[in-house]
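Trainee: Let me see the structure of the following:
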Amino acid sequence: MARKEALLLLLDVGPSMHSILPEIEKVCSMLVQKKMIFNKADEVGVVLFGTEDTDNELTNEVGGYEHVMVLRNIKVVDGDGIEALQKLPRGTVPGDFLDAIVVGVDIIIKKFGPTNKGKKRLCLITSAQNPIKVPFEGSKEEQVDTIAKQMNAHGIKLESIIVRGKLTEKADKRVMDENDFLLERFSKGTNAKTVHVENPTALLGALQTRNISPVTVFRGDLELSPKMKIKVWVYKKTSEEKFPTLKKYSDKAPPTDRFATHEVKVDYEYKGAEDPNKVVPPEQRIKGYRYGPQVVPISSAELEAIKFKPEKSVKLLGFTNASNIMRHYYMKDVYSFIAEPGNTKAILAVSALVRAMKETNKVAILRCVWRQGQGNVVVGVLTPNVSDRENVPDSFFFNVLPFAEDVREFQFPSFNNFPPSWQPNERQQDAADKFVAMLDLAPPGKEEALQPDFTPNPVLERFYRYLELKSKKPDAEVPALDNTLKRITEPDPELLLQNKSVIDEFCKQFELKENPKIKKTLKRLWRDKPAISSEEPEGAGGLDTRTVNSLKRESAAKVDRIGNSTPIQDFEAMMTRRDSKIWVDKAIKDMKNLVVDLVENSQNGNTYDKVVDCLVALRKGCILEQEPKQFNDSLRHIVKFCQEKSLSSFCELLASKHITLITKTEAVDSDVGDGEALSFLVKTEPALE
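Mentor: Presented below is the predicted three-dimensional model:
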């Protein structure tokens, strides 16, 4: 079990923070709610600064730390803490964040002492717009260094969140720059970080419920060659935030039982087919795997013997240009490769390799086995990361690459493969370019709208809020979406208003029209059915309600094969399916087989009209999906069969309907020219001898 964390919130409630305080109340109370749900042993305290009153032990003992008030001492999270954070007082004095940090450090030291090794964290939320008072002795920088040494000695981490938003004319840039410098200085002497947020959404993502210490997934050699190795450590840089697992709860325990766990335990019994009443013990069970209609038993010893058990290693396979690795190839989480801490030679070697790869625009391909006996081998790309901070060495980012069967391919052809008549004109292309550029979250000269580091998962946030509400009111309905979460999940109204002309031009250039396929399909489905009259009773020759509902369900169901009764409708339905890439190939294959079957089994041409309709649909579908070869091969086979069987009437019918091979003009992948297509069905007379 992870060690409990003690968190002390240092909140600036001075005049410069009044506009953002409602959001701070909401975010901080949500933080405590999450801890109550998932980390019940954690402790939280709250210190306010910028208040008119002063209430802290350090002022009573030594004096000087005025306008700092302890709203709540550090103690286990509870509902009282949430209520206290929802009604923060509005201060009247400019806040001094250094005084608040000193008071916070004093509270943690007195609470835990020098021997406690638990996680201790200070979280400072301020605008940092007000000047810091000059200390009695030394400079402000020396005071920061002294505080940082004490924090480092007691294992206290500092997380500073600077919230400024839109600055007023009264804001002094010189003061803000000095305050930013002082807060950044903490990171040199202790474990501290500073983040700047500009809006409530970023504030929600910047305030973390719990800081998780990273754990290495690999420690060992980066093998560049059998004789050249670099000691590296590998961490996970990003990880998927999964939905919390909800456990089953039993209400069978008596209400008076205070020690009831309310857990639900599930036991499984295995019984044989010969004697269903006899339970098979574990030592008589063996796993079985289906192989066709049979079940093949394989023991655990046999499974262990055939397992692939590679050696733990990280080996270089080679280098390639960075342009050869597309961004959409990346899979799973991102890893960070760093040199072994404290190993000067490894740090220099990694830095030299990083900078050389950066200058030559190269990336490395690695084969990785993180653990001994790991069942799978990972192949990925190593990207150089040149550090922009003096105290942080260069490193690499590692992304897993897909194998051939994992490559994600588009299910639709490029516009460049369509005939010129289907290509967008210049005005349409320009309107589309401007529309796409409008949707850029990080336009040039502006800050990114939804920064990944500061944007929370809206689904999880909404779940936590509703869970807390249900804990108080079991019958509570799902509340309306919060304004902060609306900025993440819904289009920005301000952005849409600013680009109204771009949106209007895009709509003007691409007119929406009703799809004629749908009308045609519905008409064919109902053409053999009598019309439903309101005057006809059920069972009097019309369609009853159950029949209508049945037909609706059948038409709405996904088609997975081409039937003989409505082949064209089935073909079009399968061609439009996008839940898997197999349906297009299956639709073309099934239609080709049906056409050949209809021609070969025709009696005096009774199926010719149906074959022609199917060929027209097949030809159109192969052009749309850029599969000209499949249609051309099928048509050649049919014509050859008709010539061998002396079915000249069918060939003449194809010629009269102008059904010929798909040319290069219609599909760029075709190998048929216009001349060959025109002469394909022209009857040739035998040469005279």
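Trainee: So for Ala260, what's the pLDDT?
Mentor: On pLDDT, Ala260 comes in at 84.
Trainee: and Ile659, what is it in contact with?
Mentor: 612, 615-616, 619, 635 (Cβ atoms under 8 Å, 6 or more residues apart in numbering). Yep, even glycine has a C-beta here, placed from its N, CA and C like the rest.
Trainee: what residue lies at the spatial centre of the chain?
Mentor: Glu240 (8.0 Å; Cα atoms, centre = their mean).
Trainee: Secondary structure element holding the nearest residue to it once chain neighbours are set aside?
Mentor: The shortest distance from Glu240 to any non-neighbouring residue, by Cβ to Cβ, 6 or more residues apart in numbering, is to Asp333 (6.7 Å). Here Asp333, judged by DSSP states H and E, is contained in strand 331-339.
Trainee: now do Leu460
Mentor: With DSSP H and E as the criterion, Leu460 is inside helix 458-472.
Trainee: Can I get that helix as PDB, trimmed to CA atoms?
Mentor: Extracted as PDB, the C-alpha positions of helix 458-472 are listed here (Å, rounded to 0.1, in the frame of the first residue of the first chain):
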ATOM      1  CA  PRO A 458     -13.700  15.400 -18.400                       C
ATOM      2  CA  VAL A 459     -15.400  12.000 -18.100                       C
ATOM      3  CA  LEU A 460     -13.500  11.200 -14.900                       C
ATOM      4  CA  GLU A 461     -14.000  14.700 -13.400                       C
ATOM      5  CA  ARG A 462     -17.800  14.400 -14.000                       C
ATOM      6  CA  PHE A 463     -17.900  11.000 -12.500                       C
ATOM      7  CA  TYR A 464     -16.100  12.100  -9.300                       C
ATOM      8  CA  ARG A 465     -18.400  15.100  -8.900                       C
ATOM      9  CA  TYR A 466     -21.500  13.000  -9.300                       C
ATOM     10  CA  LEU A 467     -20.200  10.300  -7.000                       C
ATOM     11  CA  GLU A 468     -19.700  12.800  -4.300                       C
ATOM     12  CA  LEU A 469     -23.200  14.200  -4.800                       C
ATOM     13  CA  LYS A 470     -24.700  10.700  -4.700                       C
ATOM     14  CA  SER A 471     -22.900  10.000  -1.400                       C
ATOM     15  CA  LYS A 472     -24.900  12.900   0.100                       C
END
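Trainee: helix or strand right after the helix or strand harbouring Glu359?
Mentor: Per DSSP H and E, Glu359 falls inside helix 344-360. Per DSSP H and E, the first helix or strand lying C-terminal to helix 344-360 is strand 362-369.
Trainee: on that earlier part again, how big is the angle separating the helix holding Glu359 from strand 362-369?
Mentor: 130 degrees (axes from the mean of the first three to the mean of the last three Cα atoms, to 10 degrees).
Trainee: let's have the chain start at 583 instead
Mentor: Fine by me, first position is 583 from now on; the one you just mentioned is helix 926-942.
Trainee: Residues touching helix 926-942, excluding its own?
Mentor: Contact with helix 926-942 is made by 806, 812-814, 901, 919-922, 944-946, 966-968, 975-978, as judged by Cβ under 8 Å, 6+ apart.
Trainee: Please state the mean pLDDT value computed over it.
Mentor: Mean predicted lDDT for helix 926-942 stands at 95.
Trainee: and what of stretch 1190-1202?
Mentor: Per-residue pLDDT over stretch 1190-1202 has a mean of 87.
Trainee: How about stretch 948-965?
Mentor: The model assigns stretch 948-965 a mean pLDDT of 91.
Trainee: Out of the helices and strands in the protein, which is least certain?
Mentor: helix 1127-1138 (a mean of 45; mean pLDDT, DSSP states H and E).
Trainee: per-residue confidence for the residue lying closest to Arg949 once chain neighbours are set aside?
Mentor: Among residues not flanking Arg949 along the chain, Lys897 sits closest, at 4.9 Å (Cβ to Cβ, 6+ apart). Per-residue confidence (pLDDT) for Lys897: 95.
Trainee: how would you label Lys897: helix, strand or coil?
Mentor: strand (DSSP: H, G, I helix; E, B strand; the rest coil).
Trainee: what's near enough to touch it?
Mentor: Each residue near Lys897 by Cβ under 8 Å, 6+ apart is listed here: 805, 948-950.
Trainee: With Ala1019 instead?
Mentor: Contacts for Ala1019 were tallied using Cβ under 8 Å, 6+ apart; they are Pro1025.
Trainee: what's the answer for Ile690, then?
Mentor: Ile690 neighbours (Cβ under 8 Å, 6+ apart): 588, 590, 656, 702, 704, 736, 738.
Trainee: Give me the below-cutoff pLDDT ranges for the stretch 733-882 of the chain.
Mentor: 747-752, 792-794 (pLDDT under 70).
Trainee: sorry, back to before: need the contact partners of the helix holding Leu1042.
Mentor: With Cβ under 8 Å, 6+ apart, helix 1040-1054 has contacts from 612, 615-616, 618-619, 786, 823, 825-826, 1058, 1060-1061, 1063-1064, 1067, 1070-1071.
Trainee: Quickly run through the sheet partners of the strand holding Asp915, with directions.
Mentor: strand 810-818 (antiparallel), strand 977-982 (antiparallel) (DSSP bridges).
Trainee: Put together CSV for those strands, with distance to Pro1210 and mean neighbour count on each row.
Mentor: As requested, those are arranged in CSV below (distance: least, Cβ to Cβ, whole Å; neighbours: other Cβ atoms under 10 Å):
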stretch, distance to Pro1210, mean neighbour count
strand 810-818, 47, 18
strand 977-982, 37, 21
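Trainee: buried sites along the strand holding Asp915?
Mentor: Within strand 913-921, the residues that qualify as buried are 916-921, counting by 16 or more other Cβ atoms under 10 Å.
Trainee: Which of the residues you listed sits closest to Pro864?
Mentor: Among those, Tyr917 lies closest to Pro864 (Cβ to Cβ), at 38.9 Å.
Trainee: Okay, and the beta partners of that closest one?
Mentor: Lys818, Phe980.
Trainee: would you put the C-alpha positions of stretch 770-785 in PDB?
Mentor: What follows is stretch 770-785, C-alpha atoms only, in PDB (Å, rounded to 0.1, in the frame of the first residue of the first chain):
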ATOM      1  CA  LYS A 770      17.500  24.500  -7.300                       C
ATOM      2  CA  GLY A 771      17.600  23.800  -3.600                       C
ATOM      3  CA  THR A 772      14.700  21.400  -3.100                       C
ATOM      4  CA  ASN A 773      12.100  19.300  -4.900                       C
ATOM      5  CA  ALA A 774       9.900  22.000  -6.300                       C
ATOM      6  CA  LYS A 775       8.100  23.000  -9.500                       C
ATOM      7  CA  THR A 776       6.300  26.000 -10.800                       C
ATOM      8  CA  VAL A 777       3.500  26.100 -13.300                       C
ATOM      9  CA  HIS A 778       1.600  29.000 -14.900                       C
ATOM     10  CA  VAL A 779      -2.100  28.700 -15.700                       C
ATOM     11  CA  GLU A 780      -4.300  31.200 -17.500                       C
ATOM     12  CA  ASN A 781      -7.800  29.900 -17.100                       C
ATOM     13  CA  PRO A 782     -10.000  27.800 -14.700                       C
ATOM     14  CA  THR A 783      -9.700  24.700 -17.000                       C
ATOM     15  CA  ALA A 784      -5.900  24.700 -16.700                       C
ATOM     16  CA  LEU A 785      -6.200  25.300 -12.900                       C
END
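Trainee: Can you name every helix or strand that the helix or strand that contains Leu1235 contacts?
Mentor: For Leu1235, the host element (DSSP H and E) is helix 1230-1238. Where contact means 3 or more Cβ pairs under 8 Å, 6 or more residues apart in numbering; DSSP states H and E, helix 1230-1238 is packed against helix 1190-1206, helix 1210-1226.
Trainee: quick one: Asp1074 from Asn1214, how far?
Mentor: 50 Å (Cβ to Cβ, to the nearest Å).
Trainee: Those two: which has the busier surroundings?
Mentor: More crowded of Asp1074 and Asn1214, by other Cβ atoms under 10 Å: Asn1214, with 23 against 13.
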